[in-house]
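Undergrad: A structural model of the following input is requested.
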Amino acid sequence: MGRPKHLLSHNGLSWLELAVQKLRQRVDQVVISGEGKIPFSLAELTVVPDIKGLAGPLAGVLAVMRNEPEVSWLIAACDLPYMEVAALDWLLSFRGSSVLAVLPDLDRSGRVEPLLAYYDRACRANLEELVRLGSLKLSDIAASPGVLTPQPPSEIRNSWRNINAPTELTGLE
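TA: Take a look at the predicted model:
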């Protein structure tokens with residue numbers, strides 16, 4: 001992208017501020033995972049650095065789970081400017097005693113979306129096992145018992161539309 005995605009703006013707010021604004025409507029606490037500049041408006045939030053020696057999203061998700069082991073998490077990437085609160089509600093509707101995680105499968109292909117997903121605190125053991133086995137792919141937990149991979153309703157599917165290239169920014173800045 002040529003610049004940090006979380007600082008790109010839409011409607012006068014950075015993508016990170018937009019994500020936090022939506023998450024705050026459904027969670028008690030928002031935690032930022034990773035490193036980098038944070039907008040001043042979010043300076044009061046807890047920032048948890050990624051786990052050293054790990055790469056990719058697994059390093060961030062596992063870091064927040066280790067930091068607060070009794071907490072279950074709604075995880076949202078910073079490059080989802082179309083995320084809707086209705087998508088968060090949909091993810092949370094699957095919570096239950098036997099549900100470790102909810103990773104949407106947008107097109108029923110088996111390719112799950114781990115970065116707008118729900119992770120129960122009990123899922124941490126599965127993530128630790130991925131690391132122990134040498135896997136860095138967060139989506140590898142989809143095969144674990146208790147991990148649901150439902151297909152979102154069409155009216156909220158746009159919430160999982162991430163932006164990865166400058167050519168995709170048209171109409172967003």
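
Undergrad: CA atoms for contacts and neighbours, from now on please.
TA: OK.

Undergrad: any low-confidence regions in this structure?
TA: 1-10, 164-173 (pLDDT under 70).

Undergrad: remind me what the longest helix seen in the chain packs against, helices and strands.
TA: Looking across the chain with DSSP state H, the single longest helix is helix 57-67. Helices and strands touching helix 57-67, by 3 or more C-alpha pairs under 8 Å, 6 or more residues apart in numbering; DSSP states H and E, are strand 31-33, strand 46-48, helix 124-132.

Undergrad: could these be laid out in a markdown table, adding mean neighbour count and distance to residue 150?
TA: Formatted as a markdown table, those follow (neighbours: other C-alpha atoms under 10 Å; distance: least, C-alpha to C-alpha, whole Å):
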| stretch | mean neighbour count | distance to residue 150 |
| --- | --- | --- |
| strand 31-33 | 18 | 25 |
| strand 46-48 | 16 | 29 |
| helix 124-132 | 16 | 19 |
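
Undergrad: so which of these is nearest residue 65?
TA: Closest approach to residue 65 among these is made by helix 124-132 (6.5 Å; C-alpha to C-alpha).

Undergrad: pull the residues that contact stretch 37-45.
TA: With contact meaning C-alpha atoms under 8 Å, 6 or more residues apart in numbering, stretch 37-45 is reached by 7, 14, 17, 30, 31, 32.

Undergrad: measure how buried residue 58 is and give me the count.
TA: 22 (other C-alpha atoms under 10 Å).

Undergrad: do residue 88 as well
TA: Neighbours of residue 88 (other C-alpha under 10 Å): 23.

Undergrad: for it, which residues are in contact?
TA: So residue 88 contacts 23, 26, 74 (C-alpha under 8 Å, 6+ apart).

Undergrad: which ones among those lie within strands?
TA: Among those, the members found in strands (DSSP state E) are residue 74.

Undergrad: make JSON lines from the contacts of residue 88 and add neighbour count and distance to residue 47 to it.
TA: Below are the contacts of residue 88 laid out as JSON lines (neighbours: other C-alpha atoms under 10 Å; distance: C-alpha to C-alpha, whole Å):
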{"residue": "23", "neighbour count": "20", "distance to residue 47": "15"}
{"residue": "26", "neighbour count": "15", "distance to residue 47": "19"}
{"residue": "74", "neighbour count": "20", "distance to residue 47": "16"}
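
Undergrad: and the closest residue to residue 84 other than its chain neighbours, what does it touch?
TA: Residue nearest to residue 84 in three dimensions, not counting chain neighbours: residue 159, with 5.7 Å by C-alpha to C-alpha, 6 or more residues apart in numbering. Going by C-alpha under 8 Å, 6+ apart, residue 159 touches 80, 81, 82, 83, 84, 87.
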